[in-house]
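Student: Provided below for reference: sequence and predicted model.
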Amino acid sequence: EMKIPLENLRIIVQKNPRILLYSLDDNLRPKLIFFFIMTLHMEPTQLTKVLLKYPQVVDYNLECTISPITRYFVAELEFSHVEVRNIVLKFPRLFSNSLAKIKHVVGYFRYELGMEAAQVKRVLYQAPQALSINTDVTLKSKVEFLRDSLSLSNVELIKVLSGMPTLILCGIDSNLKPKVEYLLEAFENNKDQLRKAVTTLPTLLGYSLDKRLRPRMEQLKDSGGHPSGITIGIPMREDKFQTWLQNRAARLRASPGFDDPRMNYQKEARSIHSTDKSSSLIEKEVPPSKEERSGRVVHWSRTPQIPDQ
């Protein structure tokens, strides 16, 4: 019925031998066929991937755990069953959390941070792993780090988190702090300009520091560009970025009163959102190559559109 290849079935059983103890009619078929395939509209191949990633998903009680969590997502959070399917595909451990824990995290986003319901929904859809984070210690410490290190207002903080939800999955010392420190140095300790850049493009902090952020910032500054231009240049494909950089440098050299490109930061900063506005929008429409995707965290490139219900 499931059409799971023998080699995959072997891996699933090795990871969770208890699956062989479950009744087919009273346990496995109701969960796998009637819930995952018929209710959440999973394809057999998708369900196979879920079982390979987390075969313990079949250990959870359908009536006491799986169904109540699904009803909460559909009835209270207004996700469609297809959206719940997509969340489970991203995070098969969803059902390892109690409903009380899930409500606690949702309450933190909704009432302590003051997010709108649509913003909470976006965070959970993009970063459902946040539901397993210790709210009172780990999650709050990450949120507080972003707020304090960038001097964000609550409105700005919500804009950053809802614009780039996967930031709350990043480690502070291993990921967020090195990026913020590097960017602050690149902006010559001008925290106001850094805050404006991050709120303009929350995904800025999602790029790899060594593979994307640092190389492009250095190239931008070497060409005479103001650090704020990184919000335009970093989403571009490599060839488009190089072309954009060359054109920008040429315009700066041709501008009246040009001396040293590194002395033209203020003029460059004023021109960023006027001379390149249309071209930047075009560049963002070009999808990154496979090689470039490996250098960054997967994120929304524009306002995310959750599938229609």
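Tutor: Great, that's in hand.

Student: Sort out which residues of stretch 180-191 are buried, please.
Tutor: The neighbour-count check on stretch 180-191 (16 or more other CB atoms under 10 Å) flags Val180, Leu183, Leu184, Ala186, Phe187 as buried. No exception for glycine: its C-beta is placed from N, CA and C like everyone else's.

Student: Name the nearest residue to the spatially most central residue of the chain, ignoring sequence neighbours.
Tutor: Per CA atoms, centre = their mean, the C-alpha nearest to the average position across the chain is that of Thr166, at 3.3 Å. In space, and not counting its chain neighbours, Thr166 is closest to Ala127: 4.9 Å by CB to CB, 6 or more residues apart in numbering.

Student: Based on its surroundings, how many neighbours for that neighbour?
Tutor: 21 (other CB atoms under 10 Å).

Student: List the buried residues for stretch 103-118?
Tutor: For stretch 103-118, a neighbour-count test (16+ other CB under 10 Å) marks Val105, Val106, Tyr108, Phe109, Arg110, Leu113, Met115 as buried.

Student: tell me which element the second one falls in.
Tutor: When elements are defined using DSSP states H and E, Val106 is found to belong to helix 99-107.

Student: For Tyr207, grab phi and psi.
Tutor: Main-chain dihedrals, Tyr207, degrees, to the nearest 10: phi -80, psi 150.

Student: what's the following helix or strand after the helix holding Val106?
Tutor: Moving toward the C-terminus from helix 99-107, the next helix or strand (DSSP H and E) is helix 117-126.

Student: List the buried residues for that next one?
Tutor: Gln119, Val120, Lys121, Arg122, Val123, Leu124, Tyr125, Gln126.

Student: angle of it against helix 99-107?
Tutor: With axes from the mean of the first three to the mean of the last three CA atoms, to 10 degrees defining the directions, helix 117-126 sits at 120 degrees from helix 99-107.

Student: What is helix 117-126 packed up against?
Tutor: Applying 3 or more CB pairs under 8 Å, 6 or more residues apart in numbering; DSSP states H and E, one finds that helix 117-126 makes contact with helix 81-90, helix 154-163.

Student: State the mean pLDDT of the last one.
Tutor: Taken as a whole, helix 154-163 has a mean pLDDT of 97.

Student: what sits up against that helix?
Tutor: If you take CB atoms under 8 Å, 6 or more residues apart in numbering as the criterion, helix 154-163 is touched by 113-115, 119, 122-123, 143, 146-147, 150, 152, 167-168, 195, 198-199, 202-203, 205, 300.

Student: From Arg195, how far off is the closest residue to Asn97 other than its chain neighbours?
Tutor: Excluding the flanking residues, the one nearest Asn97 by CB to CB, 6+ apart is Leu131, at 5.3 Å. According to CB to CB, to the nearest Å, Leu131 stands 29 Å off from Arg195.

Student: The two: which is more packed in?
Tutor: Each of Leu131 and Arg195 has its neighbours counted (other CB under 10 Å); Leu131 has more, 23 against 18.

Student: three-state assignment of the more buried one?
Tutor: helix (DSSP: H, G, I helix; E, B strand; the rest coil).

Student: Can you check the pLDDT for it?
Tutor: As predicted, Leu131 sits at a pLDDT of 97.

Student: right, and it touches Ser96 too?
Tutor: No. Under the criterion of CB atoms under 8 Å, Leu131 makes no contact with Ser96, lying 9.3 Å away.

Student: Could you identify the longest helix within this protein?
Tutor: If you go by DSSP state H, the chain has its longest helix at helix 238-254.

Student: buried residues in that helix?
Tutor: Lys240, Phe241, Trp244, Leu245, Arg248, Ala249, Leu252.

Student: Does the last one touch Gly224 like I think?
Tutor: Yes. At 4.9 Å, Leu252 and Gly224 qualify as touching, with contact defined as CB under 8 Å.

Student: Could I get the full set of strands for the stretch 201-309 of the chain?
Tutor: Per DSSP state E, counting those that start in this stretch, the stretch 201-309 of the chain carries no strands over any range.

Student: residue boundaries of the helices in it?
Tutor: Using DSSP state H, counting those that start in this stretch, the helices of the stretch 201-309 of the chain run over 214-222, 230-233, 238-254, 265-275, 277-284, 290-293.

Student: Report the separation between Glu1 and Ile33.
Tutor: For Glu1 relative to Ile33 (CB to CB), the value is 7 Å.
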